[in-house]
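Enquirer: Sequence and predicted structure, then a few things I'm wondering about:
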Amino acid sequence: MAQNRLRRLFLLATLALVVAGCSVIGIPDSPLNSLDPQGPFSRRIDALFWPVFWVATAIFVLVEGAVVIAAIVFRDRPGRPEPRQIHGNNKLEILWTVIPALILASVAVPTVRGVIELTSCGVDAYPVEIIGHQWWFEYRYPEEGIDTATVLVIPAGREVCATMTSEDVLHNYWIPQLNGKRYLVPGQETLLRLQADEPGEYRGQCAEFCGLSHSLMRAEVRAVTEEEFTAWIAAQKEPAAEPAAGTPEAAGRDVFLNRCTQCHTIDPVNVVVEEAFNGPNLTHFMDRGWIAGGYLPYSRENLARWLSNPPDTKPGSYMPDLALTQVEIDALTAYLETLR
Ligand code: HEC
Ligand SMILES: [Cu+2]
């Protein structure tokens, strides 16, 4: 008796957990809601998902209902004769082969059409490149020569065509409100169409397990108006401002020159030769509002935490603990904050 009650409680608790996992709506730090489309490509998926979901639900209710009714109506009772057997009834066998085949075909046609539509970009789409790294996303704007990270800035209302690849292992780019997920494959190129109806911030997450800090590999698409986009492009093309001699910012630039140039570019201070474990381009670091692949929001405390021991904050991070002193961290912070 007590054991039964315990088992029931355990089942209920498990169910509650599962359901809680699905309810991302309204929880501040989990805006990965694929049931809230904010652009034509996610809407295309949504428009396929709901009819299929309701057809599947109707079939489930019909089939399970028939099983339950059959089990109750035809259950064994003392003295009851065996119910009529229908095994080998050709008419029935054909019927329940043809009906599911028709249902599957009617789902398959729009699905295949949708897959084809979602995997080739429109001719006028704005081109960007997305490169996966353990554990951050790099973005390049080939028409502009811009190289940035974590936050992909796009013009709202316009299609963006991302050509994606990976520097190391499999990653997967997923902005639930804008499109489904798509792999980033080393040595191959995949395409992803992105479009947001309205300006806004759309959060994302690497959706393929890619090592220790996979869950901390986040992304964001920031859709802006056409005017803001033009201004953003112009600002990104500007080199970083040179700090005046003798200021804390200048001291920070010197620490950067001594300790960081192996992995990070700040135009016009240095240029890193492309290698496997480079870090993000820091020329306009402050524009992103995030640190370390969109995992920590920007704040002085978080930057100090990051610089003092990156792998402690983000397990396995390829930015090593450089044993920086507090003085160096303060100087770096002053300098990095000028990189807008
Ligand atoms: C051996 C290579 C390496 C060195 C040296 C290095 N970094 Fe990094 N850095 C990285 C990598 C890789 C990342 C991305 C880590 C991640 O998100 O998982 C990173 C991330 C960062 C970020 C976060 C950037 C963003 O947009 O998310 C900052 C800031 C940063 N590094 C500053 C520095 C500074 C300052 C120094 C010098 C004191 C430095 N790094 C030295 C490899 C390096
Ligand atoms: Cu990943």
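Expert: That came in fine, so what should we check first? Ligands and ions are numbered 1, 2, ... in the order given.

Enquirer: Tell me, how many residues neighbour residue 241?
Expert: Using other Cβ atoms under 10 Å, residue 241 has 11 neighbouring residues. Placement of C-beta: from N, CA and C, glycine included.

Enquirer: ok, it - contacts?
Expert: residue 338 (Cβ atoms under 8 Å, 6 or more residues apart in numbering).

Enquirer: ditto for residue 134
Expert: So residue 134 contacts 168-169, 210-211, 213, 217, 316, 318 (Cβ under 8 Å, 6+ apart).

Enquirer: which of those tops the neighbour count?
Expert: residue 217 (27 neighbours).

Enquirer: List phi and psi for that residue.
Expert: Here is the backbone geometry of residue 217 (degrees, to the nearest 10): phi -90, psi 90.

Enquirer: and the chain, which residues reach ligand 2?
Expert: Within the chain, the residues that sit near ligand 2 (Cβ under 5 Å from the ion) are 171, 206, 210, 217.

Enquirer: Please narrow these to those residing in helices.
Expert: Among the residues of the chain next to ligand 2, DSSP state H puts none in helices.

Enquirer: Could you dump the residues you listed into JSON lines and include distance to residue 197?
Expert: Putting those into JSON lines (distance: Cβ to Cβ, whole Å) gives the following:
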{"residue": "171", "distance to residue 197": "26"}
{"residue": "206", "distance to residue 197": "25"}
{"residue": "210", "distance to residue 197": "30"}
{"residue": "217", "distance to residue 197": "26"}
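
Enquirer: JSON lines for the residues you listed, including distance to residue 280 and pLDDT?
Expert: Shown next, in JSON lines, are those (distance: Cβ to Cβ, whole Å; pLDDT from 0 to 100):
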{"residue": "171", "distance to residue 280": "15", "pLDDT": "97"}
{"residue": "206", "distance to residue 280": "15", "pLDDT": "95"}
{"residue": "210", "distance to residue 280": "16", "pLDDT": "96"}
{"residue": "217", "distance to residue 280": "12", "pLDDT": "95"}
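
Enquirer: Make a markdown table from those residues and add distance to ligand 1 to it.
Expert: Shown next, in a markdown table, are the residues of the chain next to ligand 2 (distance: Cβ to the nearest ligand atom, whole Å):
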| residue | distance to ligand 1 |
| --- | --- |
| 171 | 12 |
| 206 | 11 |
| 210 | 11 |
| 217 | 7 |
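
Enquirer: Which of those fall in strands?
Expert: 171, 206 (DSSP state E).

Enquirer: out of the residues of the chain next to ligand 2, who's nearest residue 52?
Expert: The nearest member of these to residue 52, counting by Cβ to Cβ, is residue 206 at 26.6 Å.

Enquirer: Can you spell out which residues form a bridge with that closest one?
Expert: residue 173 (DSSP bridges).

Enquirer: How many neighbouring residues does it have?
Expert: 28.

Enquirer: can you check residue 125 too?
Expert: 17.

Enquirer: list the contacts for the residue nearest to residue 143 when sequence neighbours are not counted?
Expert: Excluding the flanking residues, the one nearest residue 143 by Cβ to Cβ, 6 or more residues apart in numbering is residue 127, at 6.5 Å. With contact taken as Cβ under 8 Å, 6+ apart, residue 127 is in contact with 141-143, 160-161, 163.

Enquirer: What score does residue 127 have for pLDDT?
Expert: We have a pLDDT of 97 for residue 127.

Enquirer: go on, residue 28?
Expert: For residue 28, the predicted pLDDT is 54.

Enquirer: Next secondary structure after the lowest-mean-pLDDT helix or strand in the chain?
Expert: Of all helical and strand segments in the chain, the minimum by mean pLDDT, DSSP states H and E falls on helix 2-22, at a mean of 81. Next helix or strand after helix 2-22 toward the C-terminus (DSSP states H and E): helix 40-73.

Enquirer: Kindly report the residues of the stretch 201-340 of the chain close to ligand 1.
Expert: Neighbours of ligand 1 within the stretch 201-340 of the chain, by Cβ under 6 Å from any ligand atom: 213, 256, 259-260, 262-264, 277, 279-280, 285, 288, 291-293, 307, 314, 317-320, 322, 324, 332, 336.
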